[in-house]
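Participant: Can you look at this prediction? I've put the sequence above it.
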Amino acid sequence: ENVISMINDMGIEVFEEAPDDDTLLMDGEGGTVVAAQEAEEAAEEALAVVEADIGRTSDPVRMYMREMGSVELLTREGEIEIARRIEDGLMQVLRAVSTCPTTISLLLDAADRVERGETRLDEVVDAFIDPNALDAEAVSGDEDAVLVEGDEIEVEDDDEESEDGDVEVDKGPQLEEALERFAVIRAAYTALLVSHADGEMRGEGYQQQRRELAERFLEIKLNVRQIDVMTDALRGLTEEVRQCERELMELCIERARFPRKDFVRSYPGHESDIGWIDQQIAGSYAYSARLVEFRDDIVSIMKRLANIEKRAGLPVAEIKEASRLMSIGEAKARRAKNEMVEANLRLVISIAKKYTNRGLQ
């Protein structure tokens, strides 16, 4: 209505329907018809005023669309770079998870369910990775990227046609190969358990077996839901550790008056070492006498930490480090995914803006 009123003020008549020839002739004789060129210039001026008003709008949706529209669309190279960052973040998550034997046991539990027919293979595994073909995949991976450039969106087609014209569809991982891969991981995991039972959790032999198990694990591309199960397990272990350490600090620092800087300096590496608290008591420090009062409670917490280490197959310090690396990887992947979503939204807005005032409401 504002636009119509502005046009009327300029001497341009606005009709609900196109007028017939007689009406136009009558108006022409009355001298109310504006020359076509002048009318066009006046209309452009009116639209410019309206667009200026829109530019100053406080409407959040219009402001967001204007801001998004001011950013350039994602190029092919930009999309490839974001996709690689997502992949790097997810790979960091998997590397962190692979360092914790108890999370790998969850994969083996899922493998047992697959073998018994209780779970579909594609609910656990997406594909298998040939370590000898990683370099080749890195080169060919660029060809599969989605191209978003200007007004065009091109997606490479991965489907290949056979000689008779039928499309060859990727059927995903095969059960026989999956069971073979799971068997290799199970053998490495069993060897690790034997070393763990012998008390070699901090020995070089045990660490080497852990690395070999992690390598076998990383040759499997897991389904997202299976990854979530394993990351949740590592998060759960980390939260148990933090709860124990909060209770320990409450006893030592708050109640026994163990100086915080001394606690932070001496405690790491002795998370489940009962000998550490006895050493602090025997040291005749200012806080030693008060530690005696809380020794039983402190020892109880350290035994809980030792039990967590036993279940995880990792020292407490390495559980926390694995959790830290996992969180960093998740944050990297999440940021890159958000950038991809925003880029796709910019593309949608750029297309929609072309059809504004052309029937798109």
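Facilitator: Nice, I can see it.
Participant: Any buried residues in stretch 205-215, and which?
Facilitator: Applying a neighbour-count criterion of 16 or more other C-beta atoms under 10 Å, one finds 206, 209, 210, 213, 214 buried in stretch 205-215. To be clear about C-beta, it is placed using only N, CA and C from the backbone, and glycine gets the same treatment.
Participant: what do you get for stretch 245-262?
Facilitator: 245, 248, 249, 251, 252, 253, 256, 258.
Participant: For the fourth one, which non-adjacent residue is spatially closest?
Facilitator: Translated: residue 251. Computed as C-beta to C-beta, 6 or more residues apart in numbering, the closest residue to residue 251 that is not its neighbour in sequence is residue 294, at 4.7 Å.
Participant: residues contacting that neighbour?
Facilitator: By C-beta atoms under 8 Å, 6 or more residues apart in numbering, the contact list for residue 294 reads 251, 252, 255, 256.
Participant: can I assume the third one is in contact with residue 297?
Facilitator: The one in question is residue 255. No. Residue 255 is beyond contact range of residue 297, at 9.3 Å (criterion: C-beta atoms under 8 Å).
Participant: what is the mean pLDDT for the strand or helix carrying residue 331?
Facilitator: Residue 331 belongs to helix 316-354 when assigned by DSSP states H and E. The average pLDDT within helix 316-354 is 85.
Participant: Likewise for stretch 189-201?
Facilitator: 76.
Participant: got a list of what the closest residue to residue 270 other than its chain neighbours touches?
Facilitator: Among residues not flanking residue 270 along the chain, residue 276 sits closest, at 3.7 Å (C-beta to C-beta, 6+ apart). Neighbour list for residue 276: 266, 267, 270 [criterion: C-beta under 8 Å, 6+ apart].
Participant: Just the buried ones out of these, please.
Facilitator: Using 16+ other C-beta under 10 Å, the buried ones in those are 267, 270.
Participant: Any chance of the contacts of residue 276 in a markdown table with pLDDT as columns?
Facilitator: A markdown table is the format used below for those (pLDDT from 0 to 100):
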| residue | pLDDT |
| --- | --- |
| 266 | 92 |
| 267 | 92 |
| 270 | 90 |
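Participant: among the contacts of residue 276, which are in strands?
Facilitator: Among the contacts of residue 276, no member falls in strands (DSSP state E).
Participant: out of the contacts of residue 276, which one sits closest to residue 108?
Facilitator: Set against residue 108, the nearest of the contacts of residue 276 by C-beta to C-beta is residue 270 (32.0 Å).
Participant: That closest one and residue 126, how far apart?
Facilitator: Distance of residue 270 to residue 126, given as C-beta to C-beta, to the nearest Å: 42 Å.
Participant: Can you tell me which of the buried residues of stretch 205-215 is closest to residue 301?
Facilitator: residue 206 (25.1 Å).
Participant: and that closest one, what pLDDT?
Facilitator: Predicted confidence (pLDDT) for residue 206: 81.
Participant: So it: helix, strand or coil?
Facilitator: helix (DSSP: H, G, I helix; E, B strand; the rest coil).
Participant: from now on call the first residue 9
Facilitator: Sure, I'll start counting at 9 from here, so that last one is residue 214.
Participant: how near is it to residue 328?
Facilitator: Following C-beta to C-beta, the distance that separates residue 214 from residue 328 is 19 Å.
Participant: Pull up the per-residue confidence for the residue nearest to residue 278.
Facilitator: Looking at residue 284, the pLDDT reads 93.
Participant: ditto for residue 17
Facilitator: With respect to pLDDT, residue 17 has a value of 59.
Participant: circling back: what comes up buried for the helix holding residue 339?
Facilitator: Buried, per 16+ other C-beta under 10 Å, within helix 324-362: 324, 326-328, 330-331, 333-335, 337-338, 340-341, 344, 347-348, 351-352, 354-355, 357-358.
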